[in-house]
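Asks: I would like the atomic coordinates for the input below:
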Amino acid sequence: MKSINSLPYIFILDIDYTIIGNIYNCSDEWIILNYIHKYCKMNNIIANCKNKLDIIDELNEGLLRPYFIDFINFIKQKYINVEIYLFTKSSYKWINESGYIENIEKICKTKFNKPYFTRENSLEGEKLLGNIFDIIIKNLQRKYPLLKIDENKKKVFDTQLVFIDDIPNNLEDYPHKQILCSKYNYTPYYNIKEKIIKKYNIKSDIFDNQKILEVFEEYEIPIYNKNGSKYQKDIEFFNLLEIKNIRRVELLNNTTLNDTFFKDLITILNKNKKTIRNFDNIPDMNKELKYLNDLKS
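Replies: Below is the predicted model:
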C-alpha cells in the first residue's frame with residue numbers, strides 16, 4: 001500500500017511495435033467505422049452505429065505483445081507505487097477517440113495514467129522527456145505530496161523513471177533513460193467489411209453507399225461490391241488482394257509470437273527477489289537484455 005511518504009516508480013511506454021504489433025488494419029477499420037457513424041447520424045440511425053473499436057479478439061490472438069500482461073502484473077507487485085504512462089507518435093485523435101487504448105486496458109485489467117502523450121507532445125517529430133516530465137509530476141503531486149520537493153523530483157527522474165521504446169535513441173534529450181526493445185511486428189489481417197457487419201451488427205447494405213465505397217478506395221482497403229469502382233467490382237482482383245494480404249501476414253507472424261522481450265525484462269528486474277532494482281543505470285539493463293536475446297540466436 002502506498003505511503004504518504006513514498007515516491008512513485010514511473011514507467012513510460014511506447015505503444016506501436018512496443019506493447020502491441022502493427023495496427024494498420026485496425027486503423028483502417030476505425031476509419032470506416034467513423035464514416036459509417038457519420039452516415040448513421042445523417043440518416044438518424046445513430047443507435048445502430050458505433051465509432052469505437054473492438055479489437056479484443058485481435059489482441060488475444062497476438063496483437064498484444066507476449067508476456068506484457070505478466071509484465072504489468074509484475075511491476076505492480078514488485079514496485080508497488082507504479083505509475084504507467086503512454087508516449088506515442090500517433091495522433092491525439094487516434095489515441096483518445098478510437099477506443100483502442102481502452103481495449104488494451106480491458107485485456108490487461110489495468111488503467112494507464114492520463115493524459116496519453118502523443119505526437120502533439122513531441123517537437124518536430126522527436127520525443128522529448130522534458131516535454132512531459134513536469135506534466136507527469138504535477139499530475140502526481142496530490143497522490144505523492146513529496147513530489148513538491150525538487151530534490152525528490154530529481155530522485156524520481158534519476159532512479160525511478162524509465163521509458164521503453166522499440167526505436168533506438170528515441171528520446172532526443174535523455175536517451176540514457178530508454179530501455180530498448182526489439183520491434184514487435186505481429187500484424188492482424190481480416191476482411192474489414194465482414195468484421196464490421198458481424199462485430200458491430202451493421203447491415204450489409206450500408207456498404208452500397210457510394211461515399212463509403214470511395215473511402216475504401218481512398219485508403220486502398222479491399223472490398224468487393226458491384227456498386228463500386230472498376231477494381232471493387234472485380235471479384236478476381238478482390239480475391240487476389242485477399243490471398244496476398246493473408247499470406248503476407250502469415251509469413252510475417254510466423255515467428256513473432258515467440259517474442260520474449262517482456263519475459264526477459266521481468267527476469268532482469270527481478271534478479272534480486274528481495275530488493276527493488278532502480279533505473280539509475282539503464283544502459284547496463286540494455287546490455288543484459290541484448291545478452292539474453294543473443295543467447296536465443
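
Asks: hey, let's count contacts and neighbours off CA atoms from now on
Replies: OK.

Asks: would Val162 count as being in a helix?
Replies: No. Under DSSP: H, G, I helix; E, B strand; the rest coil, Val162 falls outside any helix and is assigned strand.

Asks: ok, it to Met285 distance?
Replies: Distance of Val162 to Met285, computed by Cα to Cα, to the nearest Å: 11 Å.

Asks: neighbour-wise, which of the two wins?
Replies: Each of Val162 and Met285 has its neighbours counted (other Cα atoms under 10 Å); Val162 has more, 21 against 18.

Asks: ok, that one - contacts?
Replies: 10-12, 177-179, 279, 282 (Cα atoms under 8 Å, 6 or more residues apart in numbering).

Asks: That one pairs with what?
Replies: Beta-bridge pairing for Val162 (DSSP bridges): Phe11.

Asks: quick revisit: so for Val162 and Met285, which residues contact both of them?
Replies: Common neighbours of Val162 and Met285 (Cα under 8 Å, 6+ apart) are Ile179.

Asks: Residues touching stretch 220-235, excluding its own?
Replies: 28, 191, 193, 207-208, 210, 213-214, 216-217, 237-238, 241-242.

Asks: For Ile206, give me phi and psi.
Replies: Backbone geometry at Ile206, expressed as degrees, to the nearest 10, gives phi -70, psi -20.

Asks: Give me the neighbour count for it.
Replies: Neighbours of Ile206 under the rule other Cα under 10 Å: 14.

Asks: could you pull out the helices for the stretch 51-200 of the chain?
Replies: Secondary structure of the stretch 51-200 of the chain (DSSP state H, counting those that start in this stretch): helices at 56-58, 68-79, 92-97, 100-108, 133-140, 150-159, 192-199.

Asks: follow-up on the earlier one: are any of the contacts of stretch 220-235 buried, and which?
Replies: Among these, those buried by neighbour count (16 or more other Cα atoms under 10 Å) are 28, 193, 207, 213, 216-217, 238, 242.

Asks: So which of these are in helices?
Replies: When the buried ones among the contacts of stretch 220-235 are checked against helices (DSSP state H), the matches are 28, 193, 213, 216-217, 238, 242.

Asks: Tell me the one among the residues you listed nearest to Glu120.
Replies: Asp28 (21.5 Å; Cα to Cα).

Asks: wait, what's in contact with that closest one?
Replies: 192, 219, 221.

Asks: picking up where we left off before, show me which of the contacts of stretch 220-235 is closest to Tyr79.
Replies: Once Cα to Cα is applied, the member of these that ends up nearest Tyr79 is Asp28, at 37.7 Å.

Asks: How much space separates that closest one from Glu250?
Replies: 19 Å.

Asks: Surely Phe71 is in contact with Lys263?
Replies: Yes. Counting by Cα atoms under 8 Å, Phe71 touches Lys263, with 7.1 Å between them.

Asks: Looking at these two, which has the bigger crowd around it?
Replies: Shown here are Phe71 and Lys263; by other Cα under 10 Å, Phe71 has more neighbours (18 against 14).

Asks: That one: what's it in contact with?
Replies: 262-263, 265-266.

Asks: What of Gly99?
Replies: Contacts here follow Cα under 8 Å, 6+ apart; on that basis Gly99 touches 52-54.

Asks: In JSON lines, list these along with neighbour count, distance to Asn43 and pLDDT.
Replies: Shown next, in JSON lines, are the contacts of Gly99 (neighbours: other Cα atoms under 10 Å; distance: Cα to Cα, whole Å; pLDDT from 0 to 100):
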{"residue": "Lys52", "neighbour count": "18", "distance to Asn43": "19", "pLDDT": "91"}
{"residue": "Leu53", "neighbour count": "22", "distance to Asn43": "22", "pLDDT": "95"}
{"residue": "Asp54", "neighbour count": "20", "distance to Asn43": "24", "pLDDT": "96"}
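
Asks: low pLDDT regions in the stretch 151-297 of the chain?
Replies: For the stretch 151-297 of the chain, applying pLDDT under 70 flags the ranges 297.

Asks: tell me which of the ones in helices among the buried ones among the contacts of stretch 220-235 is nearest to Lys138?
Replies: For those, the minimum distance to Lys138 (Cα to Cα) is 35.9 Å, reached by Asp28.

Asks: burial count for the closest residue to Lys263 other than its chain neighbours?
Replies: Spatial nearest neighbour of Lys263, chain neighbours left out: Tyr67 (5.7 Å); criterion: Cα to Cα, 6 or more residues apart in numbering. Tyr67 has 18 neighbours, counted by other Cα under 10 Å.
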